[in-house]
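K.L.:
okay, here's the prediction I keep looking at, along with the sequence it came from:
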Amino acid sequence: MPSSRADTRPLAITCGEPSGIGPEVIAKARTEISDVPFFVIGNPDHFAGFGALMRLINDPSEAGNDALCILPHDVPGPARPGWPDRQQAAGVISAIARAVDLALGGRVSGVVTAPIHKKALKDGADFPHPGHTEYLAALAGNVDVVMMLACPALRVVPATIHIALDRVSTELTPDVLETVLRVTHAGLRRDFGIAAPRIAVAGLNPHAGEGGTMGRQEVEWIADLVARLAPELGCFGPLPADTMFHAGARAGYDAAVAMYHDQALIPIKTIDFAGGVNVTLGLPFIRTSPDHGTAFDIAGRGVADPTSIIAAIRMAWDMGQLRNALA
Ligand SMILES: NC(=O)C1=CN([C@@H]2O[C@H](COP(=O)(O)OP(=O)(O)OC[C@H]3O[C@@H](n4cnc5c(N)ncnc54)[C@H](O)[C@@H]3O)[C@@H](O)[C@H]2O)C=CC1
Ligand SMILES: NCC(=O)COP(=O)(O)O
């Protein structure tokens, strides 16, 4: 029988890159959200000066809505806006691992990650992953995950994520695409409450290959794969990517699966950069993130817009309530 009780566990927010806009937007989010308990894993010094009342906690159970609650974590040194410190990289990474431990242990209702600077983590701590998505999948036991970017007007999934363009056509295989479609379908049902998702699949090549004249993947395997999975997963395509994101086309699907990073992220960041949320589907816990990065060019100026992290916090919270209600 579905549970009628709310999930009252707080969300854990990871500090992300201290010299980016993460601390500022987290603090701003706290001043605007009064109905979601959350706490940050990070160095309290990095969150001072952004207008939020702060309270240090020793355990997630002490988190509330009254202040920006901080679970202190060893991310040493001051934050210098726009200038990442190599000595902070290990702490930024271990804060993510700590949040995952709390989530896997059932101590928090979900994890929201503030932006990391991938190169700073590589330079400072030889971070072997291209982003959170891949790191979280590894921490969770190498599960199959997909990256979804979601806003009220559009949900998109890149089938390949942080790889160079010249690797896309070899790394995009039938197995990869089938897994992405399955994880996307399951995520739409579980976390977005869509009973029978419709998933539009983009072609890889211009005009979805134009019958094989502009690329062969569509006629050689993508169309057959999509057709085979259609009865089970509600997928259709491949569609020409250049014409599947206008408003009329978007009305025909619940999510679009694109073949590579920019094919998916350009439309959503154009439509709703402020309100987009990055959500990882397939993990054994909830994870969301703002769609933007560390924005070094504006860090420390007080002008960062918290809309995306607010949407990320609300989405994680709502997903937690939905999962709890259905448990
Ligand atoms: N979830 C994550 O950890 C993400 C991390 N990144 C990382 O962030 C770093 C910088 O990436 P960029 O491509 O420069 O993208 P970015 O999103 O950091 O910045 C792009 C442009 O948007 C502006 N902008 C971004 N967020 C804003 C906000 N909240 N308010 C006002 N203006 C905002 C910036 O000032 C900049 O002009 C890279 O290392 C990238 O990998 C990027 C996206 C997500
Ligand atoms: N372009 C999206 C991005 O970089 C976020 O990636 P992740 O860190 O959430 O895997």
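P.N.:
It's in. Ligands and ions are numbered 1, 2, ... in the order given.

K.L.:
quick one: the nearest residue to T307 once chain neighbours are set aside and C151, what's the gap?
P.N.:
Excluding its sequence neighbours, the residue lying closest to T307 (C-beta to C-beta, 6 or more residues apart in numbering) is A274, at 4.2 Å. No exception for glycine: its C-beta is placed from N, CA and C like everyone else's. Going from A274 to C151 by C-beta to C-beta, to the nearest Å gives 9 Å.

K.L.:
correct me if wrong: W221 contacts L172.
P.N.:
No: using C-beta atoms under 8 Å as the test, W221 is too far from L172 to be in contact (9.9 Å).

K.L.:
neighbour count: these two, which is higher?
P.N.:
L172 (20 against 14; other C-beta atoms under 10 Å).

K.L.:
not counting residues beside it along the chain, what's closest to the residue in the stretch 201-327 of the chain positioned nearest to ligand 1?
P.N.:
For the stretch 201-327 of the chain and ligand 1, the shortest gap (C-beta to the nearest ligand atom) falls at G293, measuring 2.2 Å. In this structure, G293 finds its nearest non-sequential neighbour in P115, 4.7 Å apart by C-beta to C-beta, 6+ apart.

K.L.:
got the contact list for P23?
P.N.:
Each residue near P23 by C-beta atoms under 8 Å, 6 or more residues apart in numbering is listed here: 15-16, 42, 46-47, 50, 79, 114.

K.L.:
can you give me phi and psi for R287?
P.N.:
For R287, the backbone dihedrals (degrees, to the nearest 10) come out as phi -140, psi 130.

K.L.:
how deep is it tucked in, by neighbour count?
P.N.:
Neighbours of R287 using other C-beta under 10 Å come to 28.

K.L.:
measure it to A327 for me?
P.N.:
For R287, the distance to A327 (C-beta to C-beta) stands at 18 Å.

K.L.:
beyond the helix or strand encompassing D262, next helix or strand please.
P.N.:
According to DSSP states H and E, D262 maps onto helix 261-272. Where DSSP H and E defines the elements, the next helix or strand beyond helix 261-272 is strand 277-281.

K.L.:
that next one pairs with which strands, parallel or anti?
P.N.:
Take DSSP bridges as the rule and strand 277-281 pairs in its sheet with strand 146-151 (antiparallel), strand 287-290 (antiparallel).

K.L.:
just give me how far the longest one sits from the chain centre.
P.N.:
To tie it back to what came earlier, the one meant is strand 146-151. The chain centre lies 6 Å from the centre of strand 146-151; the measure is C-alpha atoms, centre = their mean, to the nearest Å.
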